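1. Sharing a model that was predicted from the sequence below.
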Amino acid sequence: MEFRFKLADFISFRDQEECARVRAIRREEICKHSNPEFKIRIIEDRHDFYVDFALDIVRRIKEAGERRERFVAIFPVGPMPQYKIAAKLINQLRISCKHVHSFNMDEYADQEGNTAPPDWPGSFQKAMMENFFLNIDEDLRPPLEQIHFPTKDCLSSYGGMIEELGGADICYGGIGWCGHIAFWESHLGEEFGGDLQAFKEAGSRCVKLHPMTIMQNALHSFGGDRSQVPPKANTIGPAQIVRAKDRSFWLDGDLGGGVSWQRFIARLVAHGPVTPLVPGSILQTLPGTYTLLGGVADNVEIRMA
């Protein structure tokens, strides 16, 4: 039987017909896209997924070094396992990272916009240093002054710092439950009134986190404790993602046991309308790769346990 209802008020994209259309995309159709430069692929095994991600990072660093070029990368916190693998490969292969300039996508902030301190357990700065950079041998590691985070002090000039280095060679990332890229949340799209070009030109700022992001991050980083997730974050804007020379997004939101929080939003971002209300949807219009862990690609179905 059919049961019709309006979507909850906190959901920004509310076109139920489009939601139904993308929901119906079967696993065997998900990699097909009208933009041949937007390459969707599936990696079935979780370990292989993270190894492939790590290899992509190491390959780009190595190739830029061999060309004696600066390598500018935008990195996310999430997924994380690839960073320790990448650091291990860099050490084993003795690849210098002295030419690497790293810009983290985002960092938590309190209700006043004050940046989370780097020694706070939930800090993205702490996560990146401990999982990636400090695992690289000191003689190979990028200089600390080339490892950047969007703190309150530099947030207003963060995009300009990337541009001064010639722009990002690669922007890595994932997709949030509300459709965000970095912490550019779905409700921020409402201020653009459908003006996609203005949206694509928006830069770094401090944002209020969407309720779905609070719950998503509580789930995967704070043991389900929503009281530990800060209310705001500093983030790059769509402009930094659009202006990057390449994009590589990785979706691993599969909890096992047939449960994945990312199946629907992965489809809406890749195959739904390109709109500021689904921030990640701009990826469809750009060259890049969009890699799904096998469970994320599975069909969206109602399962009543």
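-> Received it, and whenever you're ready, just let me know what you need.

2. which stretches of the chain form helices?
-> Assigned by DSSP state H, the chain shows helices spanning 16-23, 46-66, 81-93, 124-131, 158-164, 196-200, 211-221, 238-243, 263-271, 294-297.

3. Measure how far the first one is from the centre of its chain, please.
-> Right, helix 16-23. Here helix 16-23 is found 23 Å from its chain centre; the criterion is CA atoms, centre = their mean, to the nearest Å.

4. Same check on the fourth one?
-> Using CA atoms, centre = their mean, the mean C-alpha position of helix 124-131 is found 16 Å from that of the whole chain.

5. same question, the longest one
-> Once both centres are worked out by CA atoms, centre = their mean, helix 46-66 turns out to sit 16 Å from its chain's centre.

6. give the contact list for Met215.
-> Met215 makes contact with 177, 226, according to CB atoms under 8 Å, 6 or more residues apart in numbering. Every C-beta, even on glycine, is put in place using the N, C-alpha and C of the backbone.

7. switch to numbering from 23
-> With the count now opening at 23, the last piece we talked about shows up as Met237.

8. Tell me which of the helices of the chain sits most buried.
-> The highest mean neighbour count among those, using mean count of other CB atoms under 10 Å, belongs to helix 285-293: a mean of 24.

9. Show me what that helix is packed against.
-> Counting contacts by 3 or more CB pairs under 8 Å, 6 or more residues apart in numbering; DSSP states H and E, helix 285-293 is packed against helix 38-45, helix 316-319.

10. Let's have these in CSV, adding mean pLDDT.
-> Compiled in CSV, those are given as follows (pLDDT from 0 to 100):
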stretch, mean pLDDT
helix 38-45, 97
helix 316-319, 98
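
11. closest one to Asp128 among those?
-> Minimum separation from Asp128 across the helices and strands packed on helix 285-293 (CB to CB) falls at helix 316-319, 21.4 Å.

12. what's the spacing between that closest one and its chain's center?
-> Remark: helix 316-319 is offset 17 Å from the chain centroid, using CA atoms, centre = their mean.

13. related to what we said a few turns ago, who wins for proximity to Gly310 among the helices and strands packed on helix 285-293?
-> When these are compared (using CB to CB), the closest one is helix 316-319, at 16.9 Å.

14. Can you dump the C-alpha atoms of the closest one in PDB for me?
-> Provided in PDB are the C-alpha atoms of helix 316-319 (Å, rounded to 0.1, in the frame of the first residue of the first chain):
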ATOM      1  CA  GLY A 316      30.600  -2.400  -1.900                       C
ATOM      2  CA  GLY A 317      27.900  -2.100   0.800                       C
ATOM      3  CA  VAL A 318      27.300   1.600  -0.100                       C
ATOM      4  CA  ALA A 319      26.500   0.600  -3.600                       C
END
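
15. Tell me where the stretch 173-322 of the chain is predicted with low confidence.
-> Nowhere does the stretch 173-322 of the chain drop to pLDDT under 70.

16. Save the helices of the chain as a markdown table, and put in distance to Gly275 too.
-> Listed next are the helices of the chain as a markdown table, based on distance: least, CB to CB, whole Å:
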| stretch | distance to Gly275 |
| --- | --- |
| helix 38-45 | 16 |
| helix 68-88 | 12 |
| helix 103-115 | 14 |
| helix 146-153 | 18 |
| helix 180-186 | 27 |
| helix 218-222 | 24 |
| helix 233-243 | 8 |
| helix 260-265 | 19 |
| helix 285-293 | 8 |
| helix 316-319 | 6 |
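
17. among these, which is nearest Gly135?
-> Per CB to CB, nearest to Gly135 of the helices of the chain: helix 180-186, 13.7 Å.

18. which helices and strands does that closest one pack with?
-> Checked by 3+ CB pairs under 8 Å, 6+ apart, helix 180-186 has strand 122-126, helix 260-265 packed alongside it.

19. quick one: contacts of stretch 143-159?
-> 97, 99, 102, 105-106, 108-110, 112-113, 119, 124, 126, 128-130, 138-142, 163-164, 169, 171, 243-244, 250-252.

20. From the residues you listed, list just the buried residues.
-> Burial by neighbour count, judged by 16 or more other CB atoms under 10 Å, picks out 97, 99, 102, 105, 108-109, 112, 119, 124, 126, 128-130, 138, 163-164, 169, 171, 243, 251-252 from these.

21. Could you measure from Trp283 over to Thr235?
-> Distance, Trp283 to Thr235, using CB to CB, to the nearest Å: 12 Å.

22. Determine the residues that are contacts of both of those two.
-> The contact lists of Trp283 and Thr235 share Trp199, where a contact means CB under 8 Å, 6+ apart.
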